[in-house]
Structures are given as C-alpha cells and as structure tokens.
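Trainee: 3D, please:
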Amino acid sequence: MSLQPVYLVDASIYIFRAWFSISDEFVNSAGEPTNATYGFTGFLCSLLEETKADHIGIAFDESLSKSYRNEIYPAYKANRDPAPEELKRQFKWARNIAESMGLSCFVDQRYEADDLIGTLARHWRERGHPVCIISSDKDLTQLISKHDTWWDFTRNQKLSHAKIKDKFGVFPEQIAEFLALTGDSVDNIPGVPGVGPKSAAALLSHFTDLDTLWERIDEVQHLRIRGAKSLHKKLNEHRDAAELAHRLTLIETRVPSALENPDVTRSEVDEARLNRLFDEMEFGGMLRRRCLQTA
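Mentor: Numbers count the residues shown, from 1 in each chain. Presented below is the predicted three-dimensional model:
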C-alpha cells in the first residue's frame, strides 16, 4: 500500500502574490494592511479543500533580507527592496493563521524556506512518502524525484520528474547547475556571461554535470553549439563565478532545525486562536467559515 503524499508549501510565494495583487486599502480598523494575509489564507483554504491533505508542512522565510548565502556572497538578493514593516507584520499573521489551522510551520533565521522544504522533502522521501512541492519557483524543481510533483497551484500546473525535463531542458537534478551557468537575475546571482538557457541545457546534456564539464572543458569548442569556441573561452574565464553560483543555487537538504521535529501531520484546528486572529484582522464570515470547515 502506497503511503500518503507529503505536501510542502513555499509560503512566501503566495504571501507576496497576495501582497501585490490585492489592494493595500484592504485594512483593519487600526489602518494596518491585511491584504497579503487575507490572500494567503484563501490560498490555504483552497489547497486544503482540493487536496484533503493530512500531511502538510508550510515553510516561511524568517528573515526576508538575509541567509547563510549572504555569508558566501554578500550581493545575494541585494537587488531586492527591503520588505516594508506592513508586509513583515503580515508574514507573522500568516504563520499564526496556518498554525491555528493545525498546519506544521517551519522557519529558520539562517536558512531559507527552500532549504527547509529541501530538508523535509528528503526526510519524508527516505521514509517512502511521495512529495508534492507547492510553489511557482523553478529553483525548487531540483528537489523532485521520480515519484514527486512540483505544483504551481495558482496556475494549476503540475510537473513530474519527466515533465520538468520537457519544460526546462534539463533534469531536476541538473537545475542548480543549469542556474549556475545561466545565472539567476531574480536572486542577483551572476552566472557565465553569454551562456543562455539553450547553451546551458546543451552543455549539461553532453556533460551531465559541472564536474564533468570542467574535466573535459576542451571538448566544448568542438560541440555543435552556436559559438562553441567563444563559449569555451567564457567557461574557462568564468569558472570561479559558475562554481560560486552553484553553491548559491543548490538547495540545502540537512537543515538542523527542520530535522529536530519534521512532523507534518495535520492537527486539529484551534478555533479560539483562529477566531482571535480573524477578529484582529476583521476578516469576514465567509473566509472564517471556510477555515473552520477545513478541519
């Protein structure tokens, strides 16, 4: 008998989506914006209504401005504006609501939500559970194994291990190396100048991984890739940058805090706590009823 799937949610994606898509005029009587929390709560209800999940973990970014990756590369995510206090407050509210709905929440001051998801995915996969990662971030596709799924919930796009190869041109286990070659402008990670997605996919198709690429670097100039000779030169000149980028794009799968208590079994809804939160944010009865009915 197959074990139940474990759902792991990248909370930040859906909090930010609501922050930008719902008017900031959505406030409580104190004038505090509640738009991101409202949108995220609705997302949680929709997810639970659709999946009936018994095993679900919600990963939050405790620090919205830094992680251990900044110790490696200080410019990591330096292109992003600091999160305003109004949004930071809503991250806390969102976590409180998730907890009151009986969902296991995971945060860490040094590691990002991606790393927490990576650690939990590894833990539960090793125990025989298929894993479903809920996010629109392609970085997280590197965690998908044969029986797992990456699910962009808002767009209702589900990708299996094979489908990730169809979409991105590389297998999930090559995604971090793919991003190391192309760079990742979203996270301010420089790759190898002049190496785009097609070139990166072609290189990884031929060499499989970066270690093999460096070992057989002289083969690059003879490949049937557009600009192969100049590509060979660029890779030689920017090898250090690619290796640094790989350290940044690779998701950690052994975060100590997540392994201290990796349980993702859903518990009962704390109605009193949920009602207090809804009273504070002054959410309407319809969303309140949806949350309570997910029990």
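
Trainee: with only the CA atoms kept, save stretch 67-85 in CSV.
Mentor: What follows is stretch 67-85 as a C-alpha-only set of coordinates in CSV (Å, rounded to 0.1, in the frame of the first residue of the first chain):
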residue,chain,number,x,y,z
SER,A,67,20.5,34.0,4.8
TYR,A,68,23.7,31.9,5.0
ARG,A,69,24.1,32.5,1.3
ASN,A,70,24.9,36.2,2.1
GLU,A,71,27.9,34.9,4.1
ILE,A,72,29.1,33.3,0.9
TYR,A,73,28.1,36.1,-1.5
PRO,A,74,27.1,39.4,0.2
ALA,A,75,25.4,40.6,-3.0
TYR,A,76,22.9,37.7,-2.9
LYS,A,77,19.4,39.1,-3.4
ALA,A,78,20.8,42.7,-2.9
ASN,A,79,18.8,43.8,-5.9
ARG,A,80,15.6,43.5,-3.9
ASP,A,81,14.0,46.3,-2.0
PRO,A,82,13.7,45.7,1.8
ALA,A,83,10.3,44.3,2.8
PRO,A,84,8.2,47.1,4.4
GLU,A,85,7.1,46.7,8.0
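
Trainee: could you pull up the mean pLDDT of it?
Mentor: Averaged across stretch 67-85, pLDDT comes to 90.

Trainee: return the distance of it from the chain's centre.
Mentor: Relative to the chain's own centre, stretch 67-85 is displaced by 16 Å; criterion: CA atoms, centre = their mean, to the nearest Å.

Trainee: for it, buried residues please.
Mentor: 67, 69, 70, 73, 76, 77, 83 (16 or more other CB atoms under 10 Å). All C-beta spots, glycine's among them, are computed from the backbone N, C-alpha and C.

Trainee: which among these gets closest to residue 243?
Mentor: Residue 243 lies nearest to residue 73 out of the buried residues of stretch 67-85, by CB to CB, at 11.6 Å.

Trainee: look up phi and psi at that closest one.
Mentor: phi -140, psi 100 (degrees, to the nearest 10).

Trainee: what's the spacing between it and residue 104?
Mentor: 31 Å (CB to CB, to the nearest Å).

Trainee: now swap in residue 90 and tell me
Mentor: Remark: distance between residue 90 and residue 104 (CB to CB) = 20 Å.

Trainee: show me which of these two is the more surrounded one.
Mentor: Each of residue 90 and residue 104 has its neighbours counted (other CB atoms under 10 Å); residue 90 has more, 25 against 20.

Trainee: now do the same contact list for that one.
Mentor: Residues near residue 90 by CB atoms under 8 Å, 6 or more residues apart in numbering: 15, 19, 33, 34, 35, 36, 37, 40.

Trainee: which among those count as buried?
Mentor: Buried subset of those (neighbour count, 16+ other CB under 10 Å): 15, 19, 33, 34, 35, 36, 37, 40.

Trainee: out of the residues you listed, which sit inside helices?
Mentor: Members of the buried ones among the contacts of residue 90 lying in helices (criterion: DSSP state H): 15, 19, 35, 36, 37, 40.

Trainee: let me know the pLDDT of the fifth one.
Mentor: Among the per-residue scores, residue 37 holds a pLDDT of 97.

Trainee: same check on the second one?
Mentor: The score at residue 19 is 95. That number is its pLDDT.

Trainee: ok, the last one next?
Mentor: At residue 40, the predicted lDDT confidence score is 97.

Trainee: which ones are touching it?
Mentor: Counting by CB under 8 Å, 6+ apart, residue 40 has contacts 11, 14, 15, 18, 90, 94, 97.

Trainee: what distance do you get for it to residue 219?
Mentor: Counting by CB to CB, the gap from residue 40 to residue 219 is 48 Å.

Trainee: before we move on, what about the first one?
Mentor: Distance, residue 15 to residue 219, using CB to CB: 45 Å.

Trainee: same check on the second one?
Mentor: Remark: distance between residue 19 and residue 219 (CB to CB) = 47 Å.

Trainee: neighbours of residue 24, how many?
Mentor: 14.
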